[in-house]
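Asker: next come a sequence and a model predicted from it.
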Amino acid sequence: MTFALTADTPEQSFRLALTPQSALDVGSAVFHGVELAPGSTVPSDGDPRIDKALPGFMFTCGPDHIRHPVPIEGAADGRRYPLHGSLSSSPARDILIEEDEGELVCEGRVAVALAHGGAADLARRWRVDRGTGHITLEDVVTNSGETSWPPFGMYHINFGTGLFDENTRLTGTMLPGGSLPWRFDEGDMKIFCVPAAETAKHGWAEIVVGPIKALGGRSVHIRFRTDTLPYLQVWRNQSPGCAVLGIEPVSHRLAAREELIAAGDAPDFAPGESVGYGLAFEVR
């Protein structure tokens, strides 16, 4: 079952398939008749939750952990945080879709059982302007448990790189020189993470992927709040059978969890406290 956010006019044509079984993340993302999600051209890290999420256009990792599994602090039995945290595959509830003067809104709540025993609540709101094609995501994560823990967040926005050619680039003020070819550096798989807050405007950073010939030369513009997502991670994988590029606004630099906590970069938040994240994108 999916919930579709759509527009179909000469100026704007898109269909986003939201997946209630996995936090109202985005599965299929079709713009102007072109599927942007990578589909089957993605690697597997052996976690079935992520194997289901990664082929889609966007999935969310956190709120208790991001990146690859590490031991849970104080767990004597050797338990580890799951790949990309506990949110992925958590079902959404109380889903409401409304339309008002050309704007489509989809809201939902997600209860998340955290790997370290805590609990979180995600309040998620998608807003779509059918006239301009501007799509926004507003998230609020609340510590709904009885213990304090450090929140982490990352959005994985995944493109199938079979859509790209030699003219497709990544452009943003946070990037070295302001622009990079989409197949940056050598080798089949590369990743980097750079600060985005310092060059943001009015608290939001932007990175552009394009032009994309299959989209008639249009580009995908991605914006994100930098007060809570101050870094941008970019990942690509062109290993045999893989063709994927990930644009990943993220709460923390690329470092070990224990290093981030020791440096004071991942402070606890108490029961009842909340943290908000924001994301926006459009094709033009």
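Answerer: Perfect, thanks for sending it.
Asker: report pLDDT for the closest residue to residue 21 other than its chain neighbours.
Answerer: Spatially, and ignoring its direct neighbours in sequence, residue 21 is nearest to residue 91 (5.3 Å; Cβ to Cβ, 6 or more residues apart in numbering). C-beta coordinates here come from the backbone N, C-alpha and C atoms, glycine included. Looking at residue 91, its pLDDT reads 97.
Asker: isn't residue 91 right next to residue 22, touching?
Answerer: Yes: counting by Cβ atoms under 8 Å, residue 91 does reach residue 22; the two are 7.4 Å apart.
Asker: helices along this structure, start to end?
Answerer: Under the criterion DSSP state H, helices of the chain are mapped to 48-53, 257-262.
Asker: turn those into CSV, including mean pLDDT and mean neighbour count.
Answerer: Shown next, in CSV, are the helices of the chain (pLDDT from 0 to 100; neighbours: other Cβ atoms under 10 Å):
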stretch, mean pLDDT, mean neighbour count
helix 48-53, 92, 17
helix 257-262, 97, 15
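Asker: can I get those helices in TSV with distance to residue 1?
Answerer: Output for the helices of the chain, formatted as TSV (distance: least, Cβ to Cβ, whole Å):
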stretch	distance to residue 1
helix 48-53	14
helix 257-262	34
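Asker: figure out which of these is closest to residue 213.
Answerer: helix 48-53 (27.5 Å; Cβ to Cβ).
Asker: OK, contacts around residue 178?
Answerer: 171-172 (Cβ atoms under 8 Å, 6 or more residues apart in numbering).
Asker: from here on, call the first residue 426.
Answerer: Yes, from this point I'll number from 426; that puts the last item at residue 603.
Asker: check what pLDDT it gets.
Answerer: On the pLDDT scale, residue 603 gets 97.
Asker: from residue 658, how far out is it?
Answerer: 18 Å (Cβ to Cβ, to the nearest Å).
Asker: with residue 487 instead?
Answerer: Distance, residue 487 to residue 658, using Cβ to Cβ: 13 Å.
Asker: hmm, back to that, who has more neighbours, residue 516 and residue 447?
Answerer: residue 447 (22 against 14; other Cβ atoms under 10 Å).
Asker: please name the residues that touch that one.
Answerer: With the criterion set at Cβ under 8 Å, 6+ apart, residue 447 makes contact with 474, 477-478, 484, 513-516.
Asker: any chance of those residues in CSV with distance to residue 574 as columns?
Answerer: Below are the contacts of residue 447 laid out as CSV (distance: Cβ to Cβ, whole Å):
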residue, distance to residue 574
474, 20
477, 26
478, 22
484, 21
513, 18
514, 20
515, 16
516, 22
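Asker: and which of the residues you listed is nearest residue 432?
Answerer: residue 484 (22.6 Å).
Asker: model confidence score at that closest one, please.
Answerer: 96.
Asker: that one and residue 474 touch, don't they?
Answerer: No: using Cβ under 8 Å, residue 484 is not in contact with residue 474; the gap is 9.2 Å.
Asker: mutual contacts of the two, please.
Answerer: Joint contacts of residue 484 and residue 474 (Cβ under 8 Å, 6+ apart) are 447, 513.
Asker: ok, back up a step: what's near enough to touch the residue nearest to residue 446?
Answerer: By Cβ under 8 Å, 6+ apart, residue 516 lies in contact with 445-448, 535.
Asker: just give me the neighbour total for residue 590.
Answerer: Residue 590: 12 neighbours (other Cβ under 10 Å).
Asker: same check on residue 545?
Answerer: The number of residues packed near residue 545 is 25, by other Cβ under 10 Å.
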